[in-house]
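K.L.:
Attaching a predicted model along with its sequence, questions to come.
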Amino acid sequence: MERSDSQYAQGKLAELKAEYQVDVLADWGDGESEWKSGTWTKAELDRLHNAIGLVADAMGGSEQFVQNLHGVTVRKADIGSHGGEALSHRVSLSTKGTFSAWTVVHEFAHAWDANYDWRLSRQLERYTGGFTNPLFSLMKRLAGLSDSGFLSPEKKPGRYGRRPGCNAAGYFYGDRPSGSNWSFNRKEDFAESVAMYIGWEKGNDLSEHARNRIVRYQLNNGEKDPFNIIDNWLDYAKSFYPESGDYTKTKRWQFVDELVKGRINVA
Ligand SMILES: [Zn+2]
């Protein structure tokens, strides 16, 4: 943060607090003798504010957002290889490089789920017809039915661990998620489903990412997707590509839609 932007930044922080009960831990300011610029930029504060606004709009407004999250502190931190991390009242964004609107929404979705003791992701799992069973997963790998290595994914097409249950958690997702990998589990599924719901065909900061998630299943095997990953996309289309390429036809989209409209019992 440049000193010349610090007044703007203070205003943004005040807005985030007033509208959403979101506190940003400022790492910039007057140091001992000179200006401490920290890791945040003005553009990142804008991106954060806009992304939180998208989550709140999907929930039905800032009041609903505050009721669902009960206050969140956002900080930049060294969190290893992850882009973000979330607890019920804290979202951490990596100090390594910047973050996307997608990451913000993904992490706030985790925080939302955490506020409900992770029942939202359990409900998603049930609603979509999935289940978690590490023993089944192990058997699937033993039987050679997995698209991963035995104890880890392999970095080559068709071996990243995308099939149901072929992941560290033994998560057998139901219906059609927008993607899956070795780290997939019901919590990640929930966070990604919220981001997909918010971005899908809405013309916002998440929409291009959401669209890229789906169009890649129209590629041929061995082609590079918009995220620069080479995989056997054609083979995976039957597990991930929604009916007519329309993500609103998936059970995940429908679940999040029902959830934000208050039609799912989350008590
Ligand atoms: Zn996550």
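P.N.:
Yep, that arrived. Residues are numbered from 1 along each chain as shown.

K.L.:
Identify the residue nearest the most centrally placed residue in the chain in space, chain neighbours excluded?
P.N.:
Centroid-nearest residue in the chain, with Cα atoms, centre = their mean: residue 106, separated by 2.6 Å. Excluding its sequence neighbours, the residue lying closest to residue 106 (Cβ to Cβ, 6 or more residues apart in numbering) is residue 191, at 4.6 Å. Yep, even glycine has a C-beta here, placed from its N, CA and C like the rest.

K.L.:
isn't there a helix covering the one you found?
P.N.:
Yes. Residue 191: assigned to a helix according to DSSP: H, G, I helix; E, B strand; the rest coil.

K.L.:
distance of it from residue 102?
P.N.:
10 Å (Cβ to Cβ, to the nearest Å).

K.L.:
and those two? which has more neighbours close in?
P.N.:
Ranked by neighbour count (other Cβ atoms under 10 Å), residue 191 and residue 102 place residue 191 first, with 25 against 22.

K.L.:
distance of that one from the ion?
P.N.:
Noted for residue 191: a distance of 5 Å to the ion, by Cβ to the ion, to the nearest Å.

K.L.:
Could you do residue 58 as well?
P.N.:
Distance from residue 58 to the ion, by Cβ to the ion: 18 Å.

K.L.:
Residues of the stretch 101-250 of the chain that sit close to the ion?
P.N.:
188, 191 (Cβ under 5 Å from the ion).

K.L.:
Which strand or helix spans the nearest residue to residue 220 once chain neighbours are set aside?
P.N.:
Spatial nearest neighbour of residue 220, excluding adjacent residues (Cβ to Cβ, 6+ apart): residue 234 at 5.4 Å. Per DSSP states H and E: residue 234 is located in helix 233-240.

K.L.:
after that helix, next one along is what?
P.N.:
helix 251-260.

K.L.:
Give me the contact list for that next one.
P.N.:
Residues outside helix 251-260 that contact it (Cβ atoms under 8 Å, 6 or more residues apart in numbering) are 58-60, 120, 123-124, 127-129, 174-178, 189, 193-194, 196-197, 200, 247-248, 264, 266.

K.L.:
Now, those that are in strands?
P.N.:
Among the contacts of helix 251-260, no member is found in strands (DSSP state E).

K.L.:
Which members of the residues you listed are classed as buried?
P.N.:
Buried members of these, counted by 16 or more other Cβ atoms under 10 Å: 58-59, 120, 123-124, 127-128, 174-178, 189, 193-194, 196-197, 200, 247, 264.

K.L.:
For the closest residue to residue 115 other than its chain neighbours, the count of nearby residues, please.
P.N.:
Leaving aside its sequence neighbours, residue 115 sits nearest to residue 88 (Cβ to Cβ, 6+ apart; 4.8 Å). Residues lying near residue 88 (other Cβ under 10 Å) number 17.

K.L.:
pLDDT score assigned to the closest residue to residue 233 other than its chain neighbours?
P.N.:
Nearest residue to residue 233, sequence neighbours excluded (Cβ to Cβ, 6+ apart): residue 219, at 4.1 Å. Residue 219 carries a pLDDT value of 98.
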